[in-house]
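Undergrad: predicted model and sequence follow; I will ask about them next.
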Amino acid sequence: MQPLSDASPAPFLILYHAQATSARLRFLCLAEGVLAFGPLPHPLTLRDNAHTPHTVRPMPAAWSAEACRRLELPHDALEADHDFLEEVLHEGSAYPVLLARFTSIDPPFALAETLHARFISLLEARRRPALERELLRRAYTHILG
């Protein structure tokens, strides 16, 4: 995803769906992983504390809107989480990781299929790389916290 401005690196997004009736939580796992939208730089490390006073916080709503545009979804198909912020580091640059929830009653399985993606539970994420597992764990804790 290209930055909205040249001021800072573009954030990655964790996209998830929470079932209203059962609280079942699933994350969208794209071909490149659970961080939308790649390509991801390598190697990445996770910042221990993304909530430092000098952290420039991106506007989650703007990036959720951009994700809707890129995925060709209605503008209200994703809801930004304004309280979640993690950061991954690559060669001295910090990339924010934001969280957005699909607002539909059911997960958009048809969308996932067109993206060659699928919705996974936290348990199914055990096969993902350690960094992704830790980000999903933090997201899960935040969502259900």
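TA: Thanks, I have it. Numbering: from 1, shown residues only.
Undergrad: from here on, contacts and neighbour counts on C-alpha atoms
TA: Fine.
Undergrad: and the closest residue to D76 other than its chain neighbours, how many neighbours?
TA: Computed as Cα to Cα, 6 or more residues apart in numbering, the closest residue to D76 that is not its neighbour in sequence is T103, at 7.4 Å. Applying other Cα atoms under 10 Å, we find 17 residues neighbouring T103.
Undergrad: quick one, what contacts T103?
TA: Taking Cα atoms under 8 Å, 6 or more residues apart in numbering, we find T103 in contact with 17, 76-79.
Undergrad: packing partners of the longest strand along the chain?
TA: For the chain, the longest strand by residue count, based on DSSP state E, is strand 93-102. Contacts defined by 3 or more Cα pairs under 8 Å, 6 or more residues apart in numbering; DSSP states H and E place strand 93-102 against strand 12-18, helix 60-71, strand 78-80, strand 86-90.
Undergrad: that strand: which residues count as buried?
TA: Residues of strand 93-102 classed as buried: 94-102 (neighbour count, 16 or more other Cα atoms under 10 Å).
Undergrad: stretch 70-82 too?
TA: For stretch 70-82, the neighbour count (16+ other Cα under 10 Å) marks 77-81 as buried.
Undergrad: what angle sits between the helix or strand harbouring C29 and strand 12-18?
TA: Assessed by DSSP states H and E, C29 sits inside strand 25-29. Relative orientation of strand 25-29 versus strand 12-18 (axes from the mean of the first three to the mean of the last three Cα atoms, to 10 degrees): 140 degrees.
Undergrad: who are the packing partners of the helix or strand following strand 25-29?
TA: Remark: after strand 25-29, the chain's next helix or strand is strand 45-46, criterion DSSP H and E. Applying 3+ Cα pairs under 8 Å, 6+ apart, we find strand 45-46 packed against strand 86-90.
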